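sharing a model that was predicted from the sequence below.
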Amino acid sequence: MRTRSFLIAIVAMLLSGIGMQAQSASPSKKILVVYFSHSGNTKEIANQIKELTGGDIFEIQPAKAYPSDYQACVDQAKKEINANYKPTLKTKLKNISSYDMIFVGSPCWWATMAPPVATFLSSYDFTRKTIVPFMTHEGSRMGRYASDIKKLCPKAKILEGLPVRGSNVKEAKGNVNKWLREIKVIK
């Protein structure tokens, strides 16, 4: 009799624990981290965000790569941004409709996003999606990135972005974690 009472008590505790877990769990948003990275800095931050949020990741790649020579890349980027040019991308994302929250990362080129990121944002419907910008830079912070996203995605909700100095990306995980908590993406 004592063993039976003990087993009933254990089963009751387990069942109540399972019930408490289900009640405290909130419905999670499906997260996607997309990024364009020329030097690897934005990729580093994208991977940190993916690790901390558990989201999926997608690299934005132009069909034709940018020059590896710094000055040639800067010159091409300036010309493309001034012309509002949107380069063709190598691959397309097939299932963007399944995501609720999309982190969008870019290096800061001429105070805004790199042209491949503009192409990506122009290629999909972000109505009722939440876009979270992040940017790597060497002094210009976010530039006009957030306002340019709003122009391309007027029906999306834009959360506060995160600028990260490119030379500090390897040590940025604590700041990324803090930012994700501040914008209430993680607890």
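Looks like it came in fine.

and the strands in this protein?
Using DSSP state E, the strands found in the chain span residues 31-35, 56-59, 101-107, 130-137, 157-158, 162-165.

the shortest one - contacts with which helices or strands?
Read that as strand 157-158. On a contact count with 3 or more C-beta pairs under 8 Å, 6 or more residues apart in numbering; DSSP states H and E, strand 157-158 meets strand 130-137, helix 145-152. Placement of C-beta: from N, CA and C, glycine included.

what separates the last one from the chain centre, distance-wise?
Pointing back at helix 145-152 there. Centroid separation for helix 145-152 versus its chain: 15 Å, with C-alpha atoms, centre = their mean, to the nearest Å.

quick check: mean pLDDT of that helix?
For helix 145-152, mean pLDDT rounds to 96.

distance of residue 121 from residue 180?
Taking C-beta to C-beta, to the nearest Å as the measure, residue 121 falls 21 Å from residue 180.

more neighbours: the two, which one.
Legend: neighbour count by other C-beta atoms under 10 Å for residue 121 and residue 180, higher for residue 121 (23 against 19).

any low-confidence regions in the protein?
Applying pLDDT under 70 to the chain picks out residues 1-27.

just the helices in it please.
Taking DSSP state H to define them, one finds helices in the chain at 2-24, 41-53, 70-82, 115-122, 145-152, 173-182.

geometric centre of the protein: which residue is closest?
Most central in the chain under C-alpha atoms, centre = their mean is residue 103, positioned 2.1 Å from the mean C-alpha point.

list the contacts for that one?
Residues near residue 103 by C-beta atoms under 8 Å, 6 or more residues apart in numbering: 31-35, 46, 49, 53, 55, 131-134.

swap in residue 136?
Shown in contact with residue 136 (C-beta under 8 Å, 6+ apart): 37, 41-42, 45, 105-108, 163-166, 169.

ok, now residue 179?
160, 162.

can you do 10 Å?
The contact partners of residue 179, taken as C-beta atoms under 10 Å, 6 or more residues apart in numbering, are 49, 52, 132, 134, 159-164, 172, 185-186.
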